[in-house]
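Undergrad: I need the structure of the sequence given here:
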Amino acid sequence: MESKPLNGKIALVTGGSRGIGRAISLKLADMGATVCINFLKSRDSAEDTLQKVHEKSSESILIRGNVGNRKNIEKIFKTIEEKFGKLDLFISNAALGVFADVKDVDEKAWNLAMDVNAKSLLYGAQKAADLMTDGGKIIALTSMGTTRYVPGYASIATSKAAIETLVKYIAIEYNSMGITCNAVSGGFVETDSLKAFPDYEDIYREAIRRTPSEKIASPDDIAGVVSLLCLPESGWITGQIIVADGGFTLI
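TA: As a prediction, this is how the structure comes out:
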């Protein structure tokens with residue numbers, strides 16, 4: 001395999017400046033891709049990520065925008081079209097939500113999770129397809145909360161379940177355009193988002209106890225799986241939910 005297998009490829013990573021998104025941005029740049037790093041709030045974090053990405057891929061850029069807003073999504077893709085004229089890889093990673101039990105989920109919390117997590121994939125995939133004139137790959141990030149109970153995760157998990165269903169529809173309907181679509185479902189990953197869980201300490205201990213290697217995943221572990229799906233050799237994989245949890249769900 002060539003050392004820079006993604007040379008000439010243009011990638012968009014939403015939420016690409018922190019946590020798993022940052023790791024994905026760095027990994028794709030290391031593989032030769034030009035990375036469009038989407039961010040919303042933390043300019044300092046975004047600039048730091050871009051600086052490190054530039055060491056690997058000098059044409060990479062930052063694009064600020066709220067992917068929970070359809071007009072912002074359109075602006076993000078318009079920027080890519082004007083700058084590069086195409087898109088090869090769309091990584092729908094940005095996620096947001098409010099931790100609450102079912103009885104406490106209100107309309108605002110529900111809409112936030114659906115807009116940022118699920119609708120952003122729908123509208124993003126629509127715009128991405130217009131720029132993937134030579135085919136491409138769409139990869140979404142989801143979680144094991146879609147198949148098992150996680151305390152306080154009701155609205156977020158439901159939005160992730162919507163992502164997993166949508167991935168299958170995109171895979172079939174975009175197949176004729178040479179576009180594949182898959183999702184990566186990570187287990188518990190050591191990020192600021194995990195630390196925001198109400199029962200973080202208990203979750204952390206349980207994750208280590210039930211994972212065969214007795215450790216918790218790093219963002220790089222998930223980025224590695226995403227990068228495999230970006231390779232040309234993964235072209236026969238589409239419509240799949242790839243579970244990357246270190247064996248947690250096997251025990």
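
Undergrad: give me the distance between the most centrally placed residue in the chain and V116.
TA: Here the mean C-alpha position of the chain is nearest to the C-alpha of N93 (Cα atoms, centre = their mean), at a distance of 2.1 Å. N93 sits 11 Å away from V116 when distances are taken as Cβ to Cβ, to the nearest Å. For every residue, glycine as well, the C-beta is placed using N, CA and C.

Undergrad: so who does A29 touch?
TA: Counting by Cβ atoms under 8 Å, 6 or more residues apart in numbering, A29 makes contact with 35, 53, 56-57, 60.

Undergrad: mind listing what's buried in the biggest helix by length in the chain?
TA: Within the chain, and with DSSP state H defining each element, the longest helix by residue count is helix 154-173. Under the neighbour-count criterion of 16 or more other Cβ atoms under 10 Å, helix 154-173 has 154-164, 166-168, 170-171 buried.

Undergrad: same deal with stretch 80-90?
TA: With burial defined by 16+ other Cβ under 10 Å, the residues of stretch 80-90 counted as buried are 80, 84, 87-90.

Undergrad: so which of these belong to helices?
TA: Mapping the buried residues of stretch 80-90 onto helices (DSSP H) picks out 80, 84.

Undergrad: adding distance to F248 as columns, could you present the buried residues of stretch 80-90 in TSV?
TA: Rendered in TSV, the data for the buried residues of stretch 80-90 read as follows (distance: Cβ to Cβ, whole Å):
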residue	distance to F248
I80	36
F84	38
L87	33
D88	32
L89	27
F90	27
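
Undergrad: chain center to stretch 212-228: distance?
TA: Its chain's C-alpha centre lies 14 Å from the corresponding centre of stretch 212-228 when counted by Cα atoms, centre = their mean, to the nearest Å.

Undergrad: now the terminal residues of that stretch, how far apart.
TA: Taking Cα to Cα, to the nearest Å, the span from the opening residue of stretch 212-228 to its closing residue is 23 Å.

Undergrad: what about A29, helix or strand, and which?
TA: Taking DSSP states H and E as the criterion, the element that holds A29 is helix 19-30.
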